[in-house]
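Colleague: Please work out how this folds:
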Amino acid sequence: MAQLVMVEGLPGSGKSTTAEFLSGWLTERGQAVSFHPEGRTDHPVDFEQVAVLSTESLVGVVAAFPAQGEELMRSVESLEGSWLVRYGQHPTWPADLRARLAEHDAYDGAITPEAHRRVLGASWEAFGNQADQDETVYVFECVLVQNPLCALMARFDQPAEVIESHVSRLATAVARLNPVVVYLDAGEPTPALERAAAERPREWLDSVIEYHCGQGHGLANGLTGFDGYVEFMRRRRAVELDLLPRLGIPTLTVEVGAGDWAEHRARITAFLDQHLAPGEGLPLGA
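Modeller: Below you'll find the model as predicted:
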């Protein structure tokens, strides 16, 4: 039965708290769990602080940093005709080397949307081939729809059909894990985004406004400031709610703008009980 639980939703909808709760809930049931929240540099499918380099670019980086050349080459991974360097896992590397690698970042660097789709798709396929060899349940946060829409919609302003094709490829790659999705829908995004802005540093708000308004879709549609950020999230929510039912993945949409979290969690755990095999400890429904 299901080996992959993915939690999705707009910023401020409760993804992180819910994904952490589900990880603990599964563990209490006696299930082996691998929890991967947003931002982990060792994520099995996502590329947080990962450089994607051509052979020419890799040779150039090694030549520019001979003192770290041997260590760099030991860290390199080959994927779909590109070379990956997970520089986020090397905090002791010189700042100028990390900055050079960041120029080729999978999300923020000099990468084409085609290359982004190619390497991310291959990463999901490799994970799908490997993960069904064990009985672990993986809990992922925001990697199936949020991160693809950040890259392909916000940054590259790709057509809807391209976005759907990419996300469908990711879903197909992990189909053997019988994945399920919990989508936390806060409804009209303004209140949730206002709360998120109030709770997080000003630098966070400035960076997300710049990311969503200062490139790709935001520039093409004249989005500016906090209002532009909110409008982007309205559009993103519409795309996600339209796309998820077509992926063939069992999905629970929880309207988190109403009710309380005890009720929401009861709905979510009941949904997962329908799709998860019993753990070695507690029986289903415990």
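Colleague: Which positions in stretch 18-25 come out as buried?
Modeller: By 16 or more other C-beta atoms under 10 Å, the buried positions in stretch 18-25 come out as 18-19, 21-23, 25. From N, CA and C alone the C-beta is placed, and that goes for glycine too.
Colleague: contact partners of it?
Modeller: Residues from elsewhere that reach stretch 18-25, judged by C-beta atoms under 8 Å, 6 or more residues apart in numbering: 5, 7, 33, 35, 37, 139-141, 182, 184, 264-265, 268-269, 272.
Colleague: of these, closest to D242?
Modeller: L184 (16.7 Å; C-beta to C-beta).
Colleague: so who does that closest one touch?
Modeller: 7-9, 13-15, 18, 254, 256, 264.
Colleague: do the same with A106
Modeller: Taking C-beta under 8 Å, 6+ apart, one finds 47, 50-52, 116, 119-120 in contact with A106.
Colleague: one step back: of the contacts of L184, which pair is most distant in space?
Modeller: E8 and H264 (14.3 Å).
Colleague: Comparing the two, which residue is more hemmed in?
Modeller: For E8 versus H264, neighbours defined as other C-beta atoms under 10 Å are more numerous around E8 (25 against 19).
Colleague: what about the strand or helix carrying that one, average pLDDT?
Modeller: Secondary structure from DSSP states H and E places E8 in strand 4-9. For strand 4-9, mean pLDDT rounds to 95.
Colleague: for it, packing partners?
Modeller: helix 15-28, strand 137-141, strand 180-185 (3 or more C-beta pairs under 8 Å, 6 or more residues apart in numbering; DSSP states H and E).
Colleague: of the ones you listed, which approaches R235 most closely?
Modeller: strand 180-185 (14.7 Å).
Colleague: May I have the residues that are in contact with L170?
Modeller: 45, 120-121, 124, 144, 148.
Colleague: do I111 as well
Modeller: 52, 104-105.
Colleague: Could you rerun that using 6 Å?
Modeller: Applying C-beta atoms under 6 Å, 6 or more residues apart in numbering to I111 gives the contacts V52.
Colleague: now it, what's its secondary structure?
Modeller: Secondary structure, DSSP: H, G, I helix; E, B strand; the rest coil: I111 is coil.
Colleague: Report the distance from the lowest-mean-pLDDT helix or strand in the chain to the chain centre.
Modeller: Ranking every helix and strand in the chain by mean pLDDT, DSSP states H and E puts helix 190-199 at the bottom, with a mean of 87. From the chain centre to the centre of helix 190-199 is a distance of 20 Å (C-alpha atoms, centre = their mean, to the nearest Å).
Colleague: Quick check: what element follows it along the chain?
Modeller: That would be, after helix 190-199 and using DSSP H and E, helix 202-213.
Colleague: Compute the inter-axis angle for that next one and helix 190-199.
Modeller: For the pair helix 202-213 and helix 190-199, the angle between their directions (axes from the mean of the first three to the mean of the last three C-alpha atoms, to 10 degrees) equals 140 degrees.
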